[in-house]
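> Everything below, folded, please.
(chains A and B)
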2 protein chains.
Amino acid sequence: MTDTDSTGTHSTGMVAGGVATRLYVDAPLQAGAELALDRDRAHYLKQVLRLGPGDAVGLFNGRDGEWRARIEEVARRGVRLRAEALTRPQAPDADLWLVFAPIKRQRIDLVAEKASELGAAAIWPVFTERTAMTRVNLERLRANAIEAAEQTERLSVPEIREPVTLGELAHRWPKERRLLLCAEAGDARPIASVLQEILRERGEAIGPAAILVGPEGGFASAELDALSKLPFVTAVGLGPRILRADTAAVAALACWQAIVGDGARRPPQR
Amino acid sequence: MTDTDSTGTHSTGMVAGGVATRLYVDAPLQAGAELALDRDRAHYLKQVLRLGPGDAVGLFNGRDGEWRARIEEVARRGVRLRAEALTRPQAPDADLWLVFAPIKRQRIDLVAEKASELGAAAIWPVFTERTAMTRVNLERLRANAIEAAEQTERLSVPEIREPVTLGELAHRWPKERRLLLCAEAGDARPIASVLQEILRERGEAIGPAAILVGPEGGFASAELDALSKLPFVTAVGLGPRILRADTAAVAALACWQAIVGDGARRPPQR
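Numbering: from 1, shown residues only, chains lettered A, B, ... in the order given. Model prediction:
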């Protein structure tokens, strides 16, 4: 529903009443702040979006809200912008992580993109017994997550965490963070029931949570047994069909946001 | 979470206690029925899966349940199988359609795949004012939906309907079928609230429903106004982020299945 195309380029359509392009930056944002974009982004603004001096873009950094900025100079080596006015104050994200076993390239890109679109605060790869991949390109995950955040009107980008093994994950897990284990085998309660119960018990104070999705082929049964015994783990079911890993991640994140997350909020009016 | 890889080939891993490969067929299935697969599928079974005479596969046709079949003959021109025993009786699907504006190739493939994984009974392309695509490859949509159904343990495949314009859709719509319009602009109630209300009112008898997702760029405001006035339409919101069309489709289908659909059922034990 955004103006992106399937190759994943940025929106070039004007958003009604607002600015056409949103960019994530690291630098602090405040009125009058001057920012420089690196060569890649400069090229993108200049050659792909055909923007030049005087054009407006939106900037966000995950801390200072969204700012309207004006392009001041476009040069071969970079672009200089100046932040003009706050257009949206920073709002807190749902404290929801996605923990998932790495899958092949095209589908892991999708997982990062969709997790970012669906408001995950962090994305944490975990290696399990049946995980076929042996490494993860974190820079690539991060680039996909940033691009999706820019597209989706988020004011933040998900943190991309260093991969761990499932054993390390259990060992290092912050005990107060509830972990919903998407389990296609063994006992599991329907995800909607679990989420509605959390809502009844906690009301607005949902607390930190995470969704764990296993690899293609699922968790080994010893892994499922060990996970199920951890006090912070709740096994949840996503219905009678065996979902692909990327589908399971999107489905679980969507249900979480709809039932206990920010599903009642509306997109910003531009 | 299945044994598929990112190129979308079929599972070759043995499912515990069951058969490795599930294939959708058109022909009737009953004990002793002899079936012939066409050249493409014969090649696939023989060359990709390396199956031969005596090997078992699972067959389903959307009507007669799932059958274990045995390969009897593998020849250059085709493969002959014989259905042996019913392994799962046919179960009704949720009566849920996905109506969506066609998007570019890679993402429309995903929509067909995910809608099938999430149990949609029909997929219906609709052309709207801002739909950039002018044609849809229905055969390709159907192939993606079938492959996903084979992977996901479904006993049916979604019907792929002939594309219509939004005007025709409204005109031809079966009035008793509730249409949830995913609206990123204008008034809309949170999807979880709408679904929980349906559940309270209807209990087990949810009745026919559909989810409508607009194109990249969203519906035109005149379209949104016209749709909102139709008695069978309910505008629903998916939270504060502007989701890509494919993400919105997956999120809405997942919420529907989790809250009013078959989310409480479990995958078959193999």
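> OK, contacts around A:D225?
Contact analysis of A:D225 by Cβ atoms under 8 Å, 6 or more residues apart in numbering or on different chains lists A:G186. C-betas here are computed from N, CA, C, even on glycine.
> which residues touch A:A36?
Neighbours of A:A36 in contact, by Cβ under 8 Å, 6+ apart: A:78-81.
> now it: how far from A:A75?
A:A36 sits 10 Å away from A:A75, going by Cβ to Cβ, to the nearest Å.
> and if you look at A:A248?
From A:A248 across to A:A75, the span is 46 Å (Cβ to Cβ).
> who's more crowded, these two?
A:A248 (25 against 10; other Cβ atoms under 10 Å in any protein chain shown).
> Please name the residues that touch that one.
So A:A248 contacts A:182, A:184, A:213, A:238, B:1 (Cβ under 8 Å, 6+ apart).
> Hmm, A:L59 is touching A:W67, no?
Yes. Shown here, A:L59 and A:W67 form a contact pair, counting by Cβ atoms under 8 Å, at 4.9 Å.
> Which of the three states applies to the residue nearest the centre of chain A?
Centroid-nearest residue in chain A, with Cα atoms, centre = their mean: A:S116, separated by 2.1 Å. Here A:S116 is recorded as helix under DSSP: H, G, I helix; E, B strand; the rest coil.
> Touching, it and A:V157? I think so.
Yes. Using Cβ under 8 Å, A:S116 is in contact with A:V157, at 6.7 Å.
> Mind giving me the packing neighbours of the lowest-mean-pLDDT helix or strand in chain A?
Least confident helix or strand, chain A: helix A:39-43 with a mean of 85, by mean pLDDT, DSSP states H and E. Counting contacts by 3 or more Cβ pairs under 8 Å, 6 or more residues apart in numbering or on different chains; DSSP states H and E, helix A:39-43 packs against strand A:78-88.
> Run through the helices of the stretch 1-150 of chain A in chain order.
Per DSSP state H, counting those that start in this stretch, the stretch 1-150 of chain A carries helices over the ranges A:39-43, A:105-117, A:138-152.
> rank those by pLDDT, which is bottom?
Here the lowest mean pLDDT among these goes to helix A:39-43, at a mean of 85.
> Can I get that helix as CSV, trimmed to CA atoms?
This file holds the C-alpha atoms of helix A:39-43, laid out as CSV (Å, rounded to 0.1, in the frame of the first residue of the first chain):
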residue,chain,number,x,y,z
ARG,A,39,27.9,9.1,-1.1
ASP,A,40,25.4,6.3,-1.6
ARG,A,41,22.5,8.2,-0.2
ALA,A,42,23.6,11.3,-2.0
HIS,A,43,23.6,9.4,-5.3
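> what about the helices of the stretch 1-150 of chain A, which gets the closest to B:V260?
helix A:105-117 (22.7 Å; Cβ to Cβ).
> From the contact counts, what lies against the closest one?
strand A:96-100, strand A:122-127, helix A:138-152, helix A:245-259, helix B:245-259.
> nearest to A:S193, of the ones you listed?
Closest to A:S193 of these is helix B:245-259 (Cβ to Cβ; 9.1 Å).
> Tell me how far the closest one lies from the chain's centre.
Centroid separation for helix B:245-259 versus its chain: 12 Å, with Cα atoms, centre = their mean, to the nearest Å.
> Tell me what angle that helix forms with helix B:105-117.
Relative orientation of helix B:245-259 and helix B:105-117, computed by axes from the mean of the first three to the mean of the last three Cα atoms, to 10 degrees: 10 degrees.
> Just the contacts of A:A248: which are in strands?
Mapping those onto strands (DSSP state E) picks out A:182, A:213.
> got the contacts of A:A248 as a markdown table, with neighbour count, pLDDT and distance to A:F232 columns?
Formatted as a markdown table, the contacts of A:A248 follow (neighbours: other Cβ atoms under 10 Å in any protein chain shown; pLDDT from 0 to 100; distance: Cβ to Cβ, whole Å):
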| residue | neighbour count | pLDDT | distance to A:F232 |
| --- | --- | --- | --- |
| A:C182 | 24 | 97 | 15 |
| A:E184 | 22 | 91 | 20 |
| A:V213 | 30 | 98 | 16 |
| A:L238 | 29 | 98 | 20 |
| B:M1 | 29 | 41 | 21 |
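> need the contacts of A:A248 in JSON lines with distance to A:R200, can you?
Output for the contacts of A:A248, formatted as JSON lines (distance: Cβ to Cβ, whole Å):
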{"residue": "A:C182", "distance to A:R200": "22"}
{"residue": "A:E184", "distance to A:R200": "26"}
{"residue": "A:V213", "distance to A:R200": "25"}
{"residue": "A:L238", "distance to A:R200": "21"}
{"residue": "B:M1", "distance to A:R200": "29"}
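> list the contacts for the residue lying closest to A:K114 once chain neighbours are set aside?
Closest residue to A:K114 apart from its sequence neighbours, by Cβ to Cβ, 6 or more residues apart in numbering or on different chains: A:V250 at 4.7 Å. Residues in contact with A:V250, defined by Cβ under 8 Å, 6+ apart, are A:111, A:114, A:118, B:114, B:247, B:250-251, B:254.
> Likewise for A:A245?
A:100-101, A:103, A:107, A:111, A:213-216, B:1.
> Nearest to B:S228 among these?
Closest approach to B:S228 among the contacts of A:A245 (Cβ to Cβ): A:V111, at 33.8 Å.
> Now do the closest residue to A:W256 other than its chain neighbours against A:D262, distance only.
Excluding the flanking residues, the one nearest A:W256 by Cβ to Cβ, 6+ apart is A:L96, at 5.9 Å. Distance, A:L96 to A:D262, using Cβ to Cβ: 10 Å.
> and these two? which has more neighbours close in?
Each of A:L96 and A:D262 has its neighbours counted (other Cβ under 10 Å); A:L96 has more, 27 against 19.
> for the more buried one, what are its contacts?
Counting by Cβ under 8 Å, 6+ apart, A:L96 makes contact with A:119-121, A:208-211, A:253, A:256-257, A:261.
> Whichever of those end up buried, select them in ChimeraX.
Per 16 or more other Cβ atoms under 10 Å in any protein chain shown, the buried members of the contacts of A:L96 correspond to this ChimeraX selection:
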select /A:119,120,121,209,210,211,253,256,257,261
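> pLDDT added to the contacts of A:L96, as JSON lines?
Formatted as JSON lines, the contacts of A:L96 follow (pLDDT from 0 to 100):
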{"residue": "A:G119", "pLDDT": "98"}
{"residue": "A:A120", "pLDDT": "98"}
{"residue": "A:A121", "pLDDT": "98"}
{"residue": "A:P208", "pLDDT": "97"}
{"residue": "A:A209", "pLDDT": "98"}
{"residue": "A:A210", "pLDDT": "98"}
{"residue": "A:I211", "pLDDT": "98"}
{"residue": "A:L253", "pLDDT": "98"}
{"residue": "A:W256", "pLDDT": "98"}
{"residue": "A:Q257", "pLDDT": "98"}
{"residue": "A:G261", "pLDDT": "96"}
